[in-house]
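Enquirer: what shape does this take:
(chains A, B, C and D)
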2 protein chains.
Amino acid sequence: MARRESRRGRQAEAERNDRLVLEAARTVFAEQGAGAPMSALADLAGVGIATFYRRYGSKEELLQRLCLLSMEESIASAREAIAAEGDGWSAVAGFVRRCVDARVGSLGSAAGTIAVTAEMTAASELGRRLMEELVGRARADGTVRTDLTALDVSYLIEQFSRSPRGTEERANVSGRLLALALDGLRSGARREDLPGTPPDWETYSGRWYHADID
Amino acid sequence: MARRESRRGRQAEAERNDRLVLEAARTVFAEQGAGAPMSALADLAGVGIATFYRRYGSKEELLQRLCLLSMEESIASAREAIAAEGDGWSAVAGFVRRCVDARVGSLGSAAGTIAVTAEMTAASELGRRLMEELVGRARADGTVRTDLTALDVSYLIEQFSRSPRGTEERANVSGRLLALALDGLRSGARREDLPGTPPDWETYSGRWYHADID
DNA sequence: ATCTATCGGAATGAATCACTCCGATAAAGA
DNA sequence: TCTTTATCGGAGTGATTCATTCCGATAGAT
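Expert: Just a heads-up that it's a prediction; the model follows:
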């Protein structure tokens, strides 16, 4: 029988692999795009290819699972950020950092190539509402530039989720660039308004529903 | 015989294609990575595949040419920025904008997969010197944060060169995010220092000399 | 009317990919 | 100790994709 806490032997290996496999998939798909070969995930995880297929029936299923986990992580982060004390900018910055850390939004390259499940749609809409609230509050308390929209923040997360962090040096660089961008979110005297028009959700989410097929 | 100015007919088409082909290659490799198929370039350019092979002997040769053109564009931009009047931040911001516009630095994904020519090495070193000067001056006049290095700027350009601009909406988003990041370069009271350590050139350029082969 | 430069894209052979199958390994239980 | 069972890694497979070549078509130029 399985022990309640910390199983042993083969079962422990399987549990370890559960995490290993998911983390490797996140990293590789984030950095190389959804077109990355399954063998690349296996190499990074240090396991055989079959270890992936024992857990997920297909590459598409794995991608769907990753998308859903991303959105759930993003929702949890947004809730915490909204509940946190402190000024609006700090809340937004903390939220963005956590999302980038978890590589939320790194799967844009899968848009149009995998089916969108009902769960994904629901999570996406909840996430959107929470982000609107978070950014709205930050604008209201004056610590974030007033022309910033929640969707700008989404795109920002998406962009930084993709940057490579495989080596210490790359992770270091990534952290510096993110710090720069986050400082750019602050309200401030010397700033000009953001150029162009606020992005729209239609375009942002529409990517997922129209396949890339000719 | 060919007329001096504006050739006609087939020759004009060939010249038009010269530009079309190069621009399509820049865009596709920037957005999809160096692994993009040649057919994708042809589709975007609206020409046949052979039109590429009539101009460049191989994919590798095309990538080398693009790299060199990128670096030359970057050098020209840096020279203009250094010569320009105005404060240091504006010079750096203008430089970055122009580089991102030209997709300089979007070929990082080709690193390790193509041979580095002597011309490329030389251009890279000159570019580096000019950027050090540009950023050094901007730091000195107090309009840019003092912990910013030239290499941070290089990585910034690289990151933004990859963002998709295929539709008006995506170009718009890209412009907004870049504006945010550029504002983050400014010196300012409320800022904390950039985290981590300054990136080093060894790592930055080293990517090109060690193939991805196992 | 013929020549010639250039074109587009089908054809080709090599390489890569998603996914399956199976022999090996080691924990658990008799 | 010996068998059972869960899990493992990676070679094997058929389908797909890619870089590159080749050739018939097209339209200026002469």
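Enquirer: run through the helices of chain A in chain order.
Expert: With helices called from DSSP state H, chain A shows them at A:9-32, A:38-45, A:50-53, A:59-83, A:88-101, A:118-140, A:150-161, A:168-184, A:201-206.
Enquirer: got a markdown table for the ones you listed, with mean neighbour count, distance to B:A30 and mean pLDDT too?
Expert: For every residue, glycine as well, the C-beta is placed using N, CA and C. Formatted as a markdown table, the helices of chain A follow (neighbours: other Cβ atoms under 10 Å in any protein chain shown; distance: least, Cβ to Cβ, whole Å; pLDDT from 0 to 100):
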| stretch | mean neighbour count | distance to B:A30 | mean pLDDT |
| --- | --- | --- | --- |
| helix A:9-32 | 16 | 15 | 90 |
| helix A:38-45 | 18 | 22 | 98 |
| helix A:50-53 | 16 | 30 | 98 |
| helix A:59-83 | 19 | 24 | 98 |
| helix A:88-101 | 22 | 22 | 98 |
| helix A:118-140 | 17 | 28 | 98 |
| helix A:150-161 | 23 | 14 | 98 |
| helix A:168-184 | 21 | 18 | 97 |
| helix A:201-206 | 14 | 20 | 95 |
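Enquirer: I'd like to know which of these is closest to B:Q32.
Expert: B:Q32 sits nearest to helix A:9-32 of all those, at 11.2 Å, using Cβ to Cβ.
Enquirer: contact partners for A:A140?
Expert: A:G88 (Cβ atoms under 8 Å, 6 or more residues apart in numbering or on different chains).
Enquirer: distance check, it against B:L180.
Expert: In this view, A:A140 and B:L180 are 19 Å apart by Cβ to Cβ, to the nearest Å.
Enquirer: what sits against the closest residue to A:S163 other than its chain neighbours?
Expert: Closest residue to A:S163 apart from its sequence neighbours, by Cβ to Cβ, 6 or more residues apart in numbering or on different chains: A:S174 at 4.6 Å. A:S174 sits next to A:F160, A:S163, A:P164, A:R165 when contact means Cβ under 8 Å, 6+ apart.
Enquirer: so the second one sits right up against A:L177, yeah?
Expert: Just to be clear, that refers to A:S163. Yes. Counting by Cβ atoms under 8 Å, A:S163 sits close enough to A:L177 to count as a contact (7.2 Å).
Enquirer: find residues that contact each of those two.
Expert: Joint contacts of A:S163 and A:L177 (Cβ under 8 Å, 6+ apart) are B:Q159.
Enquirer: show me which residues of chain A sit near chain B.
Expert: Residues of chain A lying near chain B by Cβ under 8 Å from any Cβ of the partner chain: A:32-33, A:35, A:148, A:152, A:155-156, A:159, A:163, A:167, A:169, A:172-173, A:175-177, A:179-186, A:188, A:190-192, A:194-197, A:199-200, A:203.
Enquirer: same for DNA strand C: which of the residues you listed are within range?
Expert: Residues of the residues of chain A next to chain B in contact with DNA strand C (Cβ under 7 Å from any atom of the strand): A:G35.
Enquirer: picking up where we left off before, how far away is the residue nearest to A:S163 from DNA strand C?
Expert: 25 Å (Cβ to the nearest atom of the strand, to the nearest Å).
Enquirer: any idea how far B:R79 is from that residue?
Expert: In terms of Cβ to Cβ, A:S174 sits 30 Å off from B:R79.
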